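*Asks:* Sequence first, predicted model second:
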Amino acid sequence: MGRITQLKPLSDISTPEINLAITRSVVSLADNQRIMVVGNSAGQLVEFDFSSQNSTSEKAKSEKPTSRPFESGHSSYVTGVGSTKGGIVSVGYDRKMIWWDPLERTVLREIVAHDKWIRRIAVSPDGTTIATVADDMHCKLWNAISGELMFVLDDHQPVTPHHYPSMLYAVAFSASGEQLATGDKVGHIAIWETQTGRKLGELESPGMYTWDPKARRHSIGGIRSLAFSHSGSSIAVGGIGAIGNVDHLDGPARVEIFDWQQAKSLVQLSDTAMKGLVEQLHFSNDDSQLITAGGDNNGFITIYDLATNKIDVQAKAHQHLHGMIVDEASQRLYAAHHGKVSMWELQDQPVA
Amino acid sequence: MSLFSQGQWPTRIPPHNGLRGIETASQLRDGTSRRGFLKASLAGTAFAASMHQLDILQSPALASELKRQQKHVILIWLAGGASQLETWDPKPGRATGGPFAAIQTNVTGVSISELLPKMSQRMHHSAIIRSLNTKNADHGGAAKIMETGRAVDQGIPCPDLGAMIAHELGRADSQVPDYVSMYSSTEGRRQGGSGFLGGRYAPMFLTEQMIPENTSRLESLSELDHSARSDLRSFLANRFREGRPDLSVDSHNSAYQRVRGIMSSANLFNIELEPMDVRARYGPTQFGEQCLIARRLVEAGVPFVKVARAWWDSHGQNFETHLELVTELDHVLATLIDDLEERGLLEHTLIATFGEFGRTPQINSSLGRDHFASAWSASLHGTGIRGGSVYGKTDADGLKVIDGEVNAADLFATIFQAIGIDYRKEYHVGARPVPITDFGGKPIRDILL
Amino acid sequence: MNPTRVFVIAAAMAPILVWSCVVQAAEIPSPELSISTAIDRLLQESHDRAGIVPARRTDDRSLLRRTTLDLAGRIPTSAEILAYEQDSASERQLRLVDRLMSAADYAIHLRNELDAMLSAGGNSPQEWKDYLLKACEENQPWDETFRELLAPDQNLDDQRGAAHFLKSRLNDLDDLTNDTSSLLLGVSINCAKCHDHPLVEDWKQDHYFGLQAFLAQTYQTRSGRLAEKPPTELNFKTTSGVEKSARLMFLTGATVTAPEDKRTDEQKKADAEMVRNQREKEGLAPPDELEFSPRKEFVKLALDPANRTFMARSIINRTWARLMGRGLVHPVDQMHSGNPSNHPVLLDWLERDFIDHGFDLSRLIRGIVLSDAYARSSQWVYDTPAPPADQFAVAAIKPLTPQQLTVSLIVATMNPEKIPATDFQQSGVDPNIWKSFRTELEKKASGTARLLEYPGENFQISVTEALLFNNAAQIQNNYLKSSDERLVSFLSNQWKTQQTQEDLHARSMDSLIQTTFEIVFTRRAEEDEVSMFRNYLLERNERLPEAFQQMLWAMITSPEFRFNY
């Protein structure tokens, strides 16, 4: 367990598809197995095996990860993949949630989970509960094993203050799995108790809503990412800050951190050096650093030191980064990009 | 010289099928027609025959017939360029298709984007053109093409669609404006204009506010004085006009004569006067309210209304942008069609939706789509068109037109034809003939009744 | 149906020479004649041939108004009317013209007209306006202005503003090409872009792209300087689909050959990089000028005695059109063999005179406004049909430009006692007092002027303008308000002081009506007008200031005020 000191690209592979979501496959039984499952714009899940990069030989390191597609299942973009106790679960714009056999890469079960486009999935740390969010503005909690719908959580307005459809983009579990948070397009955040479906609190991050009332009369942005600190006291939300021209993602990468129990905003982080949407957020294992990732045309990974709220480490990360996971020791980071899947080393002296 | 060769005259100005244009100013200004005609007819019988033909076709009876039919056009201008793939020409399942599905419409075999569920049930009033190739993908240049229907700069200011339709359908003594244009967002705002047709056909242009400027009397002036001083003005104007038959002077007088009518029609812009349930149908967005105003204007006899919905230029986040904007377009357009239909106005009114271009099939790394003019779509709804028809085809990825390629001139010819204006008509600017439809433009017969 | 159109249709139908009987090769009169004499003699010959009796000479007052509007950009002041009346009838026009042309108004107005003619629309920058003003004040020869518009020496402060002509058009090479050709050479050649010109045998695609090739290398650096990049090949496709590379070719077919491009690929790459940097980066030293500058070659060709006829005839025709309401060649951007003038000898004579006298624009303007043709009535009151416009036998009715109209509005509605004297030559008043007043007028006018449309061909007044004048607070506040500065107050005060006896009531009202007509219309009111307004005003005896406002409103919104007739 150590501090993140670098963002060293280790390996990447180009794909013709837009890669939107990534999870570590439950097939990776051993620690040194690094098999990732990526959901993409072709409606596919694809398995990428980065294990060879464990080898010390330079030759092996320069090899591309091997990839194997799952059988077909979704009919539109796959926007979320998660690893549960029972396997892999995915969601997409086709409104479906699909359970997969991770070894055979075949469909086990599929349901129409929402009435509108599903934006993201989160799996509780113990792998037993699934949360999905969609543009029907519901967050649904599912039993990961049985597929039973446990709760429908409603606290997000279906239309924006300017009378346009709102979108529910972000969902995350706390480290204990006891809480869950959801965040929408206009910057509203709701915190829920997983066991009961009871709402525990709410927060507002209005800076995430980028409505342009005069020049263009539309908006992009919204809360796109959400994470609890490991301690459970903080919630970070990510998106994009005030944009002059909403035709482009030409605005500061924006993060706001709250003490959710006090309903207090702790800090707003804004970076104009590497701009665009913050699509992913992850607290380092000791909560001393916050990993943020996303992009405009380009991708970025920006790591903040939470003691100073200054940028600690930052890297340009291929193209726009949609999906990210970080291993438990904060040693490696895996990312799904527009046209690429990549692996990064985060520490100088990684544990072998 | 080929454009003017003798052989082409009959096709350009058919003997009985169509209307000869209202002459532009230069022909009327000096009152020399008889002289000119006599001199010319000495030149040869072929010419004289043509002139004779022109005279018949200029019959005011025919012109007024057209106007009596009271046709109207509402142009919904999708400023910045809407994506054909997220509207009328979806390509689900292709790499270029984006995340949205296609849905079956109420016309068998016709599918459109799932972002248009309400319009999918109104395709019997609609025609889709999927094969526009307008070549210019720069906002300014492309907007000029799609506003005027002319691909090449003519070296003279050309009228836009609204001005041409106002010229063809507007009445000199009209109490309402002929051409109202609403462009409230500031990005890419373009006033449009009447070019060589002159200020009489310029749009009443609404930007900051929804009620046109200077349509209400200053409080310091009584109604009586407002009208009495106008009489003084008319007295002076009539004296001045003696012996001065000048079209500009006439336009000055007719502009002043129209003032009181326009002032009394200012209420047309006041949607507070609509019942709450009607307002609720259109919804609270500015675009919805403007389309409601458009309906009120058309109902009162305004020939052309343009509502610009800006700004569709989704270089980043194309899908989020279209989710917002197409949802609104679907709702408002469907409401407008229903409302016009219920009032019996749809059979006299053509609604067109297009902007300066479409968007690239390729999806860029901001999940955006960029400018694209080679294969994009427009839609027409209402009078004169064959409901449920789809014209033209793009390839599987929407990269190019593979069937029925049309350009701006063809689209304009189609619009003219749909409302009974002869698309072959010519204007004359000084010595230059300028056809109402750009050279080579032909209506798309397949989608016309 | 006017004759020009007849021509085109006739020419289109078959090779029928309709005009051969009209346009006879007359002998060009002596260069010794004055411009006005030459104009009147040649027009009279044309009228005689066509059996036309022109309209009578207009009355002195309306000629005063017309001339002042054309030379000073505004209506005359009361003091000017008085001075004009005091001059002997035979010398009035001459003295008026010379007085107006030596006043500050002349250069300001000519600048405004040139700005409108040359600008790509919108608000032109001050540097450009100042450049034009100086050229007008100094009566800079037109060939020099032509050169500076297309190839300014940007190291000289007083030429930098000229670069606006090109700079404002650099983002569209087609606009740049056609505007240069149409505004400075009188030839709109864009029909020749896609195919050989349909109306004019003279011009092929080669000419269009030939002209474009002169300008295609011009770009603007980040620091706002015009520059030329090293050559890049300009290709075009002919109608038969053949790919051709454009040669540097003038409208006459004269070509220049660029020296062979001996740069290596590396040099070309470095040059391209240099241009990119110049375009994007601030603070760079200006790029080196090219040894062979296509744009300067173009200027050389255009001003060459063999080719300069285009630039000369274009400005002559546009000046004529501005003053006479219509070009000797109409439209003014169609000066080609397919659209000949109805007065070819006159145009030839004016061209020779213009060139012989050093491209002197003011000399030409003076000559035109002193002609009898300029002084005709705009009214045709006879039973016979009015002669065609291109015979210039009846004066044209010209809509005022926004600036002319607005400056005139201020003058017409101003308290006449607040207007400084203009006739400084006689009264010994410091001319700077008038100059600063006139400059101030220019500024005050720009607000309302911006709301009005600039008149083009077949100009029609929009209902928007009529609504503005009817209901906008700014018209009421700027021009009609009762304040010490405005005519309405002057009239009210006059009324109070004059009205001493009952029986003088009507008579003093009549004199106020006459004063108002003089100020606004530059003429006396007719009896029916007096009685109409007398009744109107006396009926509103209780609220005369308002009634005066309404009278004034009716006058400034009448066509008599809106047009130069």
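*Replies:* Ah, there it is.

*Asks:* Is there a neighbour count for the residue nearest to residue C:172 when sequence neighbours are not counted? I'd like the number.
*Replies:* Leaving aside its sequence neighbours, residue C:172 sits nearest to residue B:141 (CB to CB, 6 or more residues apart in numbering or on different chains; 7.4 Å). Just so you know, the C-beta spots here come from the backbone N, C-alpha and C atoms, and that holds for glycine as well. When counting by other CB atoms under 10 Å in any protein chain shown, one arrives at 21 neighbours for residue B:141.

*Asks:* helix, strand or coil for residue B:141?
*Replies:* Under the three-state scheme (DSSP: H, G, I helix; E, B strand; the rest coil), residue B:141 adopts helix.

*Asks:* Would you pull up the residue in the stretch 201-350 of chain A closest to chain C?
*Replies:* residue A:250 (17.6 Å; CB to the nearest CB).

*Asks:* could you point out which element follows the host helix or strand of residue C:45?
*Replies:* Using DSSP states H and E, the secondary-structure element containing residue C:45 is helix C:35-50. Downstream of helix C:35-50, the next assigned helix or strand under DSSP H and E is helix C:60-72.

*Asks:* gap between the helix or strand following that following helix and the chain center?
*Replies:* For helix C:60-72, the succeeding helix or strand toward the C-terminus, using DSSP H and E, is helix C:78-86. Chain-centre distance of helix C:78-86: 26 Å, with CA atoms, centre = their mean, to the nearest Å.

*Asks:* Now do the buried residues in the helix or strand that helix C:78-86 is followed by.
*Replies:* Later in the chain than helix C:78-86, the nearest helix or strand by DSSP H and E is helix C:92-101. Across helix C:92-101, burial judged by 16 or more other CB atoms under 10 Å in any protein chain shown covers C:92, C:93, C:96, C:97, C:99, C:100, C:101.

*Asks:* so what's residue C:72 up against?
*Replies:* Applying CB atoms under 8 Å, 6 or more residues apart in numbering or on different chains to residue C:72 gives the contacts C:100, C:103, C:105, C:106, C:109.

*Asks:* okay, those in a markdown table with secondary structure, distance to residue C:160 and pLDDT next?
*Replies:* Listed next are the contacts of residue C:72 as a markdown table, based on DSSP: H, G, I helix; E, B strand; the rest coil; distance: CB to CB, whole Å; pLDDT from 0 to 100:
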| residue | secondary structure | distance to residue C:160 | pLDDT |
| --- | --- | --- | --- |
| C:100 | helix | 30 | 95 |
| C:103 | coil | 28 | 92 |
| C:105 | helix | 26 | 96 |
| C:106 | helix | 24 | 97 |
| C:109 | helix | 24 | 98 |
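
*Asks:* For chain A, state which of those residues is nearest.
*Replies:* Taking CB to the nearest CB as the measure, residue C:109 is the one of the contacts of residue C:72 closest to chain A, at 38.3 Å.

*Asks:* distance of that closest one from residue C:494?
*Replies:* With the distance defined as CB to CB, to the nearest Å, residue C:109 ends up 31 Å from residue C:494.

*Asks:* Settle it for me: which of those two has more neighbours?
*Replies:* residue C:109 (26 against 15).

*Asks:* tell me the contacts of the more buried one?
*Replies:* C:71, C:72, C:73, C:74, C:404.

*Asks:* Same question for residue C:490.
*Replies:* By CB under 8 Å, 6+ apart, the contact list for residue C:490 reads C:415, C:416, C:417.

*Asks:* With adjacent residues omitted, what lies nearest to the last one?
*Replies:* What sits nearest to residue C:417 in space, not counting adjacent residues and going by CB to CB, 6+ apart, is residue C:490, at 6.7 Å.

*Asks:* can I have stretch A:6-24 written out in PDB, keeping just the CAs?
*Replies:* Written as PDB, here are the backbone C-alpha positions of stretch A:6-24 (Å, rounded to 0.1, in the frame of the first residue of the first chain):
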ATOM      1  CA  GLN A   6       3.200   8.500 -11.100                       C
ATOM      2  CA  LEU A   7       1.000   7.800 -14.100                       C
ATOM      3  CA  LYS A   8       3.000   5.600 -16.200                       C
ATOM      4  CA  PRO A   9       1.400   4.100 -19.300                       C
ATOM      5  CA  LEU A  10       2.100   0.400 -19.300                       C
ATOM      6  CA  SER A  11       0.100  -1.000 -22.100                       C
ATOM      7  CA  ASP A  12      -2.700  -0.100 -24.400                       C
ATOM      8  CA  ILE A  13      -4.700  -1.500 -27.300                       C
ATOM      9  CA  SER A  14      -6.600   0.300 -30.000                       C
ATOM     10  CA  THR A  15     -10.100  -0.700 -30.900                       C
ATOM     11  CA  PRO A  16     -12.500   0.500 -33.600                       C
ATOM     12  CA  GLU A  17     -15.200   0.900 -31.000                       C
ATOM     13  CA  ILE A  18     -15.800   3.600 -28.400                       C
ATOM     14  CA  ASN A  19     -15.100   1.900 -25.000                       C
ATOM     15  CA  LEU A  20     -17.500   3.200 -22.400                       C
ATOM     16  CA  ALA A  21     -17.200   1.000 -19.300                       C
ATOM     17  CA  ILE A  22     -14.700  -1.300 -17.700                       C
ATOM     18  CA  THR A  23     -14.600  -3.800 -14.800                       C
ATOM     19  CA  ARG A  24     -12.200  -6.300 -13.500                       C
END
